[in-house]
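[1] Next input, structure requested:
(chains A and B)
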Amino acid sequence: QQQVKQSPQSLIVQKGGISIINCAYENTAFDYFPWYQQFPGKGPALLIAIRPDVSEKKEGRFTISFNKSAKQFSLHIMDSQPGDSATYFCAASALYGGSQGNLIFGKGTKLSVKP
Amino acid sequence: NAGVTQTPKFQVLKTGQSMTLQCAQDMNHEYMSWYRQDPGMGLRLIHYSVGAGITDQGEVPNGYNVSRSTTEDFPLRLLSAAPSQTSVYFCASSYALAGYEQYFGPGTRLTVT
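    Predicted coordinates for the structure are as follows:
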C-alpha cells in the first residue's frame, strides 16, 4: 500500500527553468513532510521540510507548497541549474503516530537540468 | 564527525549465503533504520530501532534480522541471501523517531547471484 504518491517519475528542465515535483498522501495523521535529494552513488540528504501549520516554506531556490485539504504537497525549484540534477524523494510521517513516525517515501523523481 | 558509516560499499553473495551489513553513527542518535532502494520503488523501510535494545519491523522485514546492542551500531543480517535481495541498502539515523532530519550513510550495493 503506497501511502505517498509522487509524480512525475522523471523530469527534464532547461537551465533557468522551474522544476515542479508533486506528491499526494492518504494518511491524515501525517504531519511532517520532508524532501530528500540524492545524487548518484550517494545517500539521500534532507533538502527542505514543512509541517502543516504553514502553506509554504522557502529556502533559497527551493520552495515547498502544501495544501492540507487536498492532501498534496509539491517542491518547486526556481532557476534550475545543472547541479540540481538528482533524484528527489518526498516523504511523510506522523509525529505522534507510533510506528507512523517512520518516514514513508515516494518513489522518487529523476530530475535532469539541461545546460 | 564521520556521520553515518556503512561497510562494505559493495558485496556479491551467492544464493543461500549469509552476511552482515555494518552501520555505525557517531552523532549519539537514538533512532536508526535500514532501507532498501530498488529502481522505481523509492526507499522502503526494513527494520528500525528507537534505542539500544529496541528494534521493530518496517515495511519489508522478511529475510533480514537486526539487533541494537549499543547506541552507535545497528547491523543488518541477511540470513540466507536470495536474488530478490539484490538492492542498494542505506542505513540512517536521527535524533528521534519522528519529525527530525534523517542522516543517511553512503549505501551498500549488494548483488545476490
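
[2] On the strand side of things, show who A:Glu59 bridges to.
    Note on A:Glu59: beta-bridge partners by DSSP bridges are A:Phe62.

[3] in terms of contact, does it touch A:Ile48 like I think?
    Yes - between A:Glu59 and A:Ile48 there is a contact under CB atoms under 8 Å: 5.0 Å. Where C-beta positions appear, they are placed from N, C-alpha and C, glycine not excepted.

[4] who has more neighbours, the two?
    A:Ile48 (17 against 10; other CB atoms under 10 Å in any protein chain shown).

[5] before we move on, which element is that one in?
    If you go by DSSP states H and E, A:Ile48 is part of strand A:45-50.

[6] cool, A:Tyr88 as well?
    strand A:86-92.

[7] Given that strand, what are its sheet partners and their directions?
    strand A:33-38 (antiparallel), strand A:104-105 (antiparallel), strand A:109-114 (antiparallel).

[8] Could you look over the ones you listed and pick the most buried one?
    Most buried of the strands paired with strand A:86-92 by mean neighbour count (mean count of other CB atoms under 10 Å in any protein chain shown) is strand A:104-105; its value is a mean of 25.

[9] Give me the contact list for that one.
    A:3-4, A:25, A:27, A:30, A:36, A:89-93, B:35, B:42-44 (CB atoms under 8 Å, 6 or more residues apart in numbering or on different chains).

[10] again, 7 Å this time
    A:Gln3, A:Val4, A:Phe89, A:Ala91, A:Ala92, A:Ser93, B:Gly42, B:Leu43 (CB atoms under 7 Å, 6 or more residues apart in numbering or on different chains).
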